[in-house]
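Participant: 3D model of this:
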Amino acid sequence: MWRILIILFLLTSLTSCVDKYWPEVDKYENVLVVDGLLTNGEEPVLIQLSYSSSLENGNFVPASGGELFISDENQLEIPLIEITPGIYKAMDTSFRAQIGKSYQLHINQLNNQNYISDISTLLPPSPIDSVYGDIEIRENSNDNHDIYGIQFYLNNHSNTSDTCNYLWRLSQSFEYQSTFSIDYLWEGWFRPNPNPDSLRTCWLTSNVNTIFTMSTQYLNDPVITKLPLIYISTETKMLSIRYSLLVKQLSIPKVAFNFWDALRQQNIDQGNLYSQQPIQIRGNVRNINNPDEVVLGYFTVAGITEKRIFVNRPLINFYYDVCAPDFEGVAWLYYEMDPKDWPTYVVEIPNNGKAIGTNEDCFDCRLEGGTLTSPDFW
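Facilitator: This is a model prediction of the structure:
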C-alpha cells in the first residue's frame, strides 16, 4: 500500500507542463503503514505493520515489536501476536467480528509510540448475485494481432434502501504447464525419467492489486449491474488450462469509502496538475500523542460476502510465449563433463528426436512462480 501511495505522489508531482519539480519524498520514508481488515468472515484477523522506505529501495520494512489489540464497544479486548515480522494475528483464531458492533485498533509500544484507529461499525454485507466473464477482443496497436481475453463482471443488490458503499478485493489462481515434459535426465548418459510430468503442472495464486470501489448513493435502486473487474488476456498462461477468481465484497462505512475511492481515483488520475496528491490521503490511524504524525494505510471494518468462479480454457487465440526445442544443443551435452551441471532436462519430440530447452523453466513450472500442489479449493 505505501509503495502505491509514494509512487503516485511522485508521478503526480512530476507530470506537468511546467518546470520539473523534485518533491521531498525522503521525508515520507520511515512512515508507519497500517494494513488491517476486520470482517465477519471465516478468515483469521491479520494486521500488517510496516515502514515506508525509499523509492530506490522499495523493500518491505516490517514494524515489529508492537503490542496490538482490537477492542469492541463493550470493552472486550482481542489481543494479537506477531507471527512473522510485521504480521500480527489474533490470538483467538475463532474470533469473528459481529454485524452492528463497533471496533477499534490499538497499537502500543511501537518504537515507544502508541497509535489508535477511529472507531468503526461493522455493516451488514450485501449479497453478490453473480461474477462472470465475457470474451472480449481488444485492438492492439503495438503488435500484429488483437488482444484476446476475458473481461470479468459483477452483479449485486442490497436488501435495504440505504446507500451502500463497497470495496472489492480480488484474488486469482490458475493452473498452467511448462512447455516440455522431462522425458530424460542427462547425467553423462540419457537416463529415462520414470515421471516425465513431475515438474510440468503448477498452480499460482496472487492478489489483484487494483482497487475497486462503488457507491449506490446516486443510483435509483441499490443494485449494481455489470461492474467491470479485471481483464485477463491470452498473452499469459493464466487462461491456458483453468482459472479461478475469488471476489471479496466489503460493505464499508462512508468515511472508509472516501479513503479507498480517493486511492482508486489517484490510480486513474495521474498527471493532473490539480489532482489531490496521494500523500494527503490520510488513513484512520493516528499517533495518540502526536496527531500531526503522518500514518499511511487504513484499518478497515467491513461486512464481507465472497464468491468464487472457475473458467476453463476458452476457445480463443492464445499468444503467450512457449519454448522452442533445441535439437542441436543435445549434441553439446556430451561435452558437459562437470557433474555439477547435471542433470540436464531432455524432452523427446515425436518424429524429431531429443531436445533441450533454452531455460530450465521450459521444463520446471515452479520457476514461473507456481507450486506443484493444487489449492484446497481446486
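Participant: which strands and helices sit next to the longest helix seen in the chain?
Facilitator: In the chain, assigned by DSSP state H, the helix with the most residues is helix 254-268. Contacts defined by 3 or more CB pairs under 8 Å, 6 or more residues apart in numbering; DSSP states H and E place helix 254-268 against helix 2-14, strand 165-177, strand 201-215, strand 296-312. Quick note: C-beta positions are derived from backbone N, CA and C, even for glycine.
Participant: Pass me the low-pLDDT residue ranges in the chain, would you?
Facilitator: 1-28, 54-58, 269-280 (pLDDT under 70).
Participant: Quick check: bridge partners of the closest residue to Gly369 other than its chain neighbours?
Facilitator: Distances taken as CB to CB, 6 or more residues apart in numbering place Leu204 nearest to Gly369, at 5.3 Å, with adjacent residues excluded. Beta-bridge pairing for Leu204 (DSSP bridges): Phe174.
Participant: Out of the helices and strands packed on helix 254-268, which is closest to Pro325?
Facilitator: Distance to Pro325, taken as CB to CB, is lowest for strand 165-177 among these, at 15.4 Å.
Participant: CA-only coordinates of the closest one in CSV, if you can.
Facilitator: Provided in CSV are the C-alpha atoms of strand 165-177 (Å, rounded to 0.1, in the frame of the first residue of the first chain):
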residue,chain,number,x,y,z
ASN,A,165,-20.5,1.7,-0.2
TYR,A,166,-18.4,-1.1,-1.5
LEU,A,167,-14.8,-2.1,-1.7
TRP,A,168,-13.8,-5.2,-3.6
ARG,A,169,-10.7,-7.3,-3.1
LEU,A,170,-9.8,-9.9,-5.7
SER,A,171,-7.6,-13.0,-5.6
GLN,A,172,-6.8,-15.1,-8.6
SER,A,173,-5.5,-18.7,-9.1
PHE,A,174,-4.7,-20.5,-12.2
GLU,A,175,-3.3,-23.8,-13.4
TYR,A,176,-0.6,-23.9,-16.1
GLN,A,177,2.1,-26.1,-17.5
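Participant: quick check: angle from it to strand 296-312?
Facilitator: 50 degrees (axes from the mean of the first three to the mean of the last three CA atoms, to 10 degrees).
Participant: for the next helix or strand after the longest helix of the chain, packing partners?
Facilitator: Scanning forward in sequence from helix 254-268 by DSSP states H and E, the next helix or strand is strand 285-287. With contacts taken as 3+ CB pairs under 8 Å, 6+ apart, strand 285-287 sits against strand 113-117, strand 296-312.
Participant: how about CSV for those strands, with distance to Ile252 and mean neighbour count added?
Facilitator: Listed next are these as CSV, based on distance: least, CB to CB, whole Å; neighbours: other CB atoms under 10 Å:
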stretch, distance to Ile252, mean neighbour count
strand 113-117, 14, 19
strand 296-312, 5, 20
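Participant: Let me know which of the ones you listed is the nearest to Cys164.
Facilitator: strand 296-312 (10.0 Å).
Participant: Parallel or antiparallel, list what pairs with that closest one.
Facilitator: With DSSP bridges as the test, strand 296-312 is paired with strand 32-39 (parallel), strand 242-251 (antiparallel).
Participant: Report the contact partners of the spatially most central residue of the chain.
Facilitator: Most central in the chain under CA atoms, centre = their mean is Asn207, positioned 2.3 Å from the mean C-alpha point. For Asn207, the contact set (CB atoms under 8 Å, 6 or more residues apart in numbering) comprises Arg169, Leu170, Ser171.
Participant: Same question for Val31.
Facilitator: Val31 neighbours (CB under 8 Å, 6+ apart): Trp2, Tyr51, Ser52, Val294, Val295, Leu296.
Participant: Looking at those, spot the one nearest Pro375.
Facilitator: Closest to Pro375, out of all of these and judged by CB to CB, is Trp2, at 28.6 Å.
Participant: I am finished for the moment; much appreciated.
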